[in-house]
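Peer 1: quick one: sequence and predicted model below, then my questions.
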Amino acid sequence: MASVEVDGLTKEFGGNPVLRGVSVGVEPGEFLAVVGPSGSGKSTLLYCMSGLEPATSGSVRILGHELGGMRRGALAALRRDHVGFVFQSYNLIPSLTARENVALPARLARRKISATDVDQALADVGLSDRAAYRPSALSGGQQQRVAIARVLAVRPDVVFADEPTGALDTASGGQVLDLLAKIPADGRSVVMVTHDLSAAARADRVVVLRDGLVHRSLLRPSAAEVFAALGES
């Protein structure tokens, strides 16, 4: 069973089509990157795939669960139990320490999470020595690594990442990509939207969107191959 399946997905805002019939699947253990020109619909696709935005038509399934028509509580429970998010804006709580931010999603979901699990997640992203720091005392790259530790701690089946390196320098962005690339090793999946072609080339597969449609699907491409696909007429 695919981790995520999208079939004939359309999305309109105010009658204006953004996605025009997108079909794509994500397999367990796969790292998928979505690229495309500004306005191509790549972030909208990610939000619809993850259940943050309802589709106008078509089908979206996460772990076999059809999102269309799913009640709000059931959809929230599916995301809580099986989905993780990494955003460009980090979404950390300023008043909480790194350790408290990592533990927060599990505690909000009333799921048990041990101090050992939290500390291990921070160790996995190289921030054991920053566990007691609040976000204001951390660099952008460190804050993004806390956001990834938050995902690692709850071990979701699918991780959606929207421009996770967009606000970072090259070195910090590389560290974040290294961490994302490790997630699929145990069968979990990552879907990443990015404008960074070098970042996209780290993925197992790259989907190129254009005008709300899948233009190309590339298997383990180089950055140059992604660039060439974006430029095709």
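Peer 2: Here it is on my side, so go on. Numbering: from 1, shown residues only.
Peer 1: now do the strands in this protein.
Peer 2: For the chain, applying DSSP state E gives strands covering 4-13, 16-26, 31-35, 57-62, 65-66, 83-87, 158-162, 189-193, 205-210, 213-219.
Peer 1: where among those strands is average confidence lowest?
Peer 2: Per-stretch averages of pLDDT across those put strand 83-87 at the bottom, with a mean of 93.
Peer 1: leaving out sequence neighbours, find the closest residue to residue 8.
Peer 2: Closest residue to residue 8 in three dimensions, ignoring its sequence neighbours and counting by Cβ to Cβ, 6 or more residues apart in numbering: residue 58, at 4.0 Å. In short, each C-beta sits where N, CA and C put it, glycine included.
Peer 1: list the contacts of the one you found.
Peer 2: Going by Cβ atoms under 8 Å, 6 or more residues apart in numbering, residue 58 touches 6-10, 21-22.
Peer 1: ok so, going back, residue 149: which of the strands of the chain is closest?
Peer 2: Closest to residue 149 of the strands of the chain is strand 83-87 (Cβ to Cβ; 10.3 Å).
Peer 1: just checking: what are the partner strands of that closest one?
Peer 2: Partner strands for strand 83-87, per DSSP bridges, with pairing direction: strand 158-162 (parallel).
Peer 1: angle of the strand it pairs with against strand 16-26?
Peer 2: Orientation note: strand 158-162 sits at an angle of 140 degrees relative to strand 16-26 (axes from the mean of the first three to the mean of the last three Cα atoms, to 10 degrees).
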